[in-house]
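Visitor: Here's a sequence, model it:
(chains A and B)
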Amino acid sequence: QKEVEQNSGPLSVPEGAIASLNCTYSDRGSQSFFWYRQYSGKSPELIMFIYSNGDKEDGRFTAQLNKASQYVSLLIRDSQPSDSATYLCAGRQNYGGSQGNLIFGKGTKLSVKP
Amino acid sequence: GAGVSQSPSNKVTEKGKDVELRCDPISGHTALYWYRQSLGQGLEFLIYFQGNSAPDKSGLPSDRFSAERTGGSVSTLTIQRTQQEDSAVYLCASSPSGRRDYGYTFGSGTRLTVV
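Guide: Next up, the predicted model:
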């Protein structure tokens, strides 16, 4: 059973702090990982993807991947109340160059307090 | 179109009735996915279409659920003899094919309520 695990939270951080969201996956064949943000009542929107070990930065967001530990994380620097949402981690297994469907975690709810 | 379009946005139906949900993907996207999300839950994979290949139906929860994709574009998800546990938001997503760094673009979903 291919699984992506996330702590459901809620994770509460003060405004301006770093929010750290974590995700583990069971399928070693997974090669690409995605972070989606979902506001209440809205559909998920893609914010970051990563497929190489190490860090990838985009503005206030940094995605980290450690394939040996099967661990993915998302750091949000200078957290803002507008970052309050549920963050979904997803992994995709590649089949000889063809893409597979994404397996989603249940999401971590982040609350940024002013 | 500019985004993934789903219709209707809301659907209330009586238990036992059939419903059809429609998804119009981003133009040129060859991959199309259906997921559902129950209240407070994660995304549950239902079915995946990739080009002209046979769809991956491994996520369909029962034989009451079926989906088709006509002409490699618009998809319809059909739920027969709806049950109350089918109540959820049904999300469609599309993606270009061939690159591992492409995530999905989701539509705004259809909220299905079975009464």
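Visitor: Given the biggest strand by length in chain A, what are its sheet partners and their directions?
Guide: When chain A is parsed with DSSP state E, its longest strand is strand A:85-95. Paired with strand A:85-95 in the same sheet, following DSSP bridges, are strand A:30-38 (antiparallel), strand A:98-104 (antiparallel), strand A:108-113 (antiparallel).
Visitor: Throw those strands into a markdown table and include mean pLDDT, distance to B:Q37 and mean neighbour count, thanks.
Guide: For the C-beta atoms, the positions are set from N, CA and C on the backbone; glycine is no exception. Output for the strands paired with strand A:85-95, formatted as a markdown table (pLDDT from 0 to 100; distance: least, CB to CB, whole Å; neighbours: other CB atoms under 10 Å in any protein chain shown):
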| stretch | mean pLDDT | distance to B:Q37 | mean neighbour count |
| --- | --- | --- | --- |
| strand A:30-38 | 92 | 9 | 22 |
| strand A:98-104 | 75 | 9 | 21 |
| strand A:108-113 | 96 | 14 | 18 |
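Visitor: Of all those, which one is nearest B:S5?
Guide: Shortest distance between B:S5 and those, using CB to CB, is found for strand A:30-38: 18.9 Å.
Visitor: Could you tell me which residues of chain A lie near chain B?
Guide: Counting by CB under 8 Å from any CB of the partner chain, chain A comes close to chain B at A:31-32, A:34, A:36, A:42-46, A:49, A:51, A:88, A:90, A:92, A:94, A:97-99, A:101-107.
Visitor: State the distance from B:A2 to chain A.
Guide: Here the criterion is CB to the nearest CB, to the nearest Å. By it, B:A2 lies 14 Å from chain A.
Visitor: That residue: neighbour count?
Guide: As a burial measure, B:A2 scores 6 neighbours (other CB atoms under 10 Å in any protein chain shown).
Visitor: Up against chain A, what does chain B have?
Guide: Counting by CB under 8 Å from any CB, chain B comes close to chain A at B:31, B:33, B:35, B:41-43, B:45, B:48, B:50, B:56, B:59, B:91, B:95, B:97-109.
Visitor: let's go with 6 Å and repeat that
Guide: Contacts of chain B with chain A, taken as CB under 6 Å from any CB of the partner chain, map to B:Y33, B:G42, B:L43, B:F45, B:Y48, B:L91, B:R100, B:D101, B:G103, B:F106, B:S108, B:G109.
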